[in-house]
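> Output the structure for:
(2 chains)
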Amino acid sequence: GAVVSQHPSRVICKSGTSVKIECRSLDFQATTMFWYRQFPKKSLMLMATSNEGSKATYEQGVEKDKFLINHASLTLSTLTVTSAHPEDSSFYICSARDVQGASEQFFGPGTRLTVL
Amino acid sequence: ILNVEQSPQSLHVQEGDSTNFTCSFPSSNFYALHWYRWETAKSPEALFVMTLNGDEKKKGRISATLNTKEGYSYLYIKGSQPEDSATYLCAFIRYLTDKLIFGTGTRLQVFP
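Predicted coordinates for the structure are as follows:
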């Protein structure tokens, strides 16, 4: 149980295009989903927290207009990297939590974004 | 800035060896400490959620201890097997937040 999928697993795009990454909880309902980013040899860094039906809460230094998050249902959250540039190339990974207040998070396998 | 540090960064051991690594975290405002196992191209898999000082948890050959007063947790693997090869991540949660603050991980390779 507690499986989270992420799509696509890998994407290469041209500078200036927008890229959408989907995160789905397959066998549970996720009231809260989290988006992380990992630079090479660095730790996973939280970008934003999204609660179903409300606006995402972004961490300091993360541009909300650059990284659009939508959590329209209890099983799906999307991250859209708008007008991507090479510096946005990174590994993006989502996690989901199924019970309000529980600390355990279940992770997707991540998306490797390369912007040319 | 909250720092979570893991050591060593990487570890190579022979099959059958036992090994351990460390996670250091802020000792104030502690809420929980998570351990994850992350194999390449897969999702991080939750190993343990630890909340109480002195906690010791075990899953098969893997166990973990927690010292919240001094801010560290140890992960032990007894009789390492090649399938234990993975990156082991710890993540700290501060009291009154729900955010995981990750260390950079310990990359373990077990050679047959």
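> Could I get the phi/psi values of the spatially most central residue of chain A?
The centroid of chain A falls nearest to residue A:35 when counting by C-alpha atoms, centre = their mean (3.5 Å). Main-chain torsions, residue A:35, degrees, to the nearest 10: phi -120, psi 130.
> quick one: the nearest residue to it once chain neighbours are set aside from chain B, how far?
Spatial nearest neighbour of residue A:35, excluding adjacent residues (C-beta to C-beta, 6 or more residues apart in numbering or on different chains): residue A:47 at 4.6 Å. All C-beta spots, glycine's among them, are computed from the backbone N, C-alpha and C. Separation of residue A:47 from chain B (C-beta to the nearest C-beta, to the nearest Å): 11 Å.
> ok, now residue A:32?
Here the criterion is C-beta to the nearest C-beta. By it, residue A:32 lies 7 Å from chain B.
> Find the nearest non-adjacent residue to that residue, please.
Counting by C-beta to C-beta, 6+ apart, residue A:32 lies nearest to residue A:97, which is 4.6 Å off, once chain neighbours are set aside.
> what number of residues lie near that neighbour?
Residue A:97 has 22 neighbours, counted by other C-beta atoms under 10 Å in any protein chain shown.
> ok, now which ones touch it?
Contact partners of residue A:97, counting by C-beta atoms under 8 Å, 6 or more residues apart in numbering or on different chains, are A:30, A:31, A:32, A:33, A:34, A:103, A:104, A:105, A:106, B:98.
> Same question for residue A:42.
Going by C-beta under 8 Å, 6+ apart, residue A:42 touches residue B:104.
> What pLDDT is listed against it?
Note for residue A:42: predicted pLDDT of 90.
> Buried ones in stretch B:45-56, by neighbour count?
Within stretch B:45-56, the residues scored as buried using 16 or more other C-beta atoms under 10 Å in any protein chain shown are B:46, B:47, B:48, B:49, B:50, B:55.
> pretty sure the second one is touching residue B:35, no?
Put plainly, it is residue B:47. Yes: Residue B:47 is in contact with residue B:35 according to C-beta atoms under 8 Å; the separation is 4.3 Å.
> residues bridging contact with these two, i.e. touching both?
With C-beta under 8 Å, 6+ apart, residue B:47 and residue B:35 have common neighbours B:64, B:75, B:88.
> just to revisit the earlier point, with distance to residue B:13 and secondary structure as added columns, please give the contacts of residue A:97 in CSV.
Shown next, in CSV, are the contacts of residue A:97 (distance: C-beta to C-beta, whole Å; DSSP: H, G, I helix; E, B strand; the rest coil):
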residue, distance to residue B:13, secondary structure
A:30, 37, coil
A:31, 40, coil
A:32, 37, strand
A:33, 36, strand
A:34, 32, strand
A:103, 31, coil
A:104, 29, coil
A:105, 29, coil
A:106, 29, strand
B:98, 35, coil
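> Residue B:28: what secondary structure?
Assigned with DSSP: H, G, I helix; E, B strand; the rest coil, residue B:28 falls in the coil class.
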